[in-house]
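With the input below, show me the fold.
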Amino acid sequence: MPDPLPTAQERLAADRRLMRAASVICVVLLLWLVIGLFRHPASTWIERIIVGGLASCFGVLVIGTMGFRKQLPALDRTPRPARVIGRDHFNTEPEPESEIAPYVLVRVAFDVDGQEVEALIADLVVAPSLDDFVDGSVWQIYAFAAADTLTKDDDGWCRVVLTEAHDDVVRSGYDLGRHSQHDEPGTGSDLLLRRFAES
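Next up, the predicted model:
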């Protein structure tokens, strides 16, 4: 029997542990750099450059993702039925050094104040659950309260999120347009466990 898939809570905890580890490594490297200036004999320039470069790499990782890890835009927690109308493929020709494999986002249409709106489900739904998202099938989604730049991609597609009613769906992270998180596959939405601004 295969190992059970990790839950959303387990994936979110793993992500937080990774960020804490990167922060600790960055602080340790910076401390080494400072101590290296005052020790006898002082650290060499090559040591300082190597340690400074490593500290910068970890620092960029932590600082670059800090904003959207702390708080996401306001989410309207009103469940809405959304009808699947297609799929969009992303990262179809990844760079050789890229760790992000090609992935699919499900395109849906839903009603907002009597007007049909199209959007992409932010959850990275993967097999075997992706087979359930056939054209015409209906899923419950949450929409973001405002069309914030964080929830749009460069082509102008807005994002929506699957509700807790679909916690059995296997997914491997999320894509909010400018920010994405790619995890190992698991059930439940670690995106819904994150902090959202008040609407």
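
make it CA atoms for all contacts and neighbour counts henceforth
Fine.

And stretch 54-66, what's buried?
Of the residues in stretch 54-66, 55, 58-59, 62 count as buried by neighbour count, 16 or more other CA atoms under 10 Å.

Redo those as CSV? Include distance to C26, pLDDT and secondary structure.
Output for the buried residues of stretch 54-66, formatted as CSV (distance: CA to CA, whole Å; pLDDT from 0 to 100; DSSP: H, G, I helix; E, B strand; the rest coil):
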residue, distance to C26, pLDDT, secondary structure
A55, 5, 81, helix
F58, 6, 76, helix
G59, 6, 77, helix
V62, 9, 72, helix
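
for this protein, what spans make up the helices?
Residue ranges of the helices in the chain, as given by DSSP state H, are 8-38, 45-70.

Just send those back as JSON lines, with distance to E116 too.
Output for the helices of the chain, formatted as JSON lines (distance: least, CA to CA, whole Å):
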{"stretch": "helix 8-38", "distance to E116": "31"}
{"stretch": "helix 45-70", "distance to E116": "29"}
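
Would you mind telling me which of those is nearest T92?
Among the helices of the chain, the nearest to T92 by CA to CA is helix 45-70 (24.0 Å).

What is that closest one packed up against?
helix 8-38 (3 or more CA pairs under 8 Å, 6 or more residues apart in numbering; DSSP states H and E).

who's the nearest residue to F110 once chain neighbours are set aside bridged to?
The shortest distance from F110 to any non-neighbouring residue, by CA to CA, 6 or more residues apart in numbering, is to A82 (4.6 Å). A82 has the following beta-bridge partners by DSSP bridges: F110, W139.
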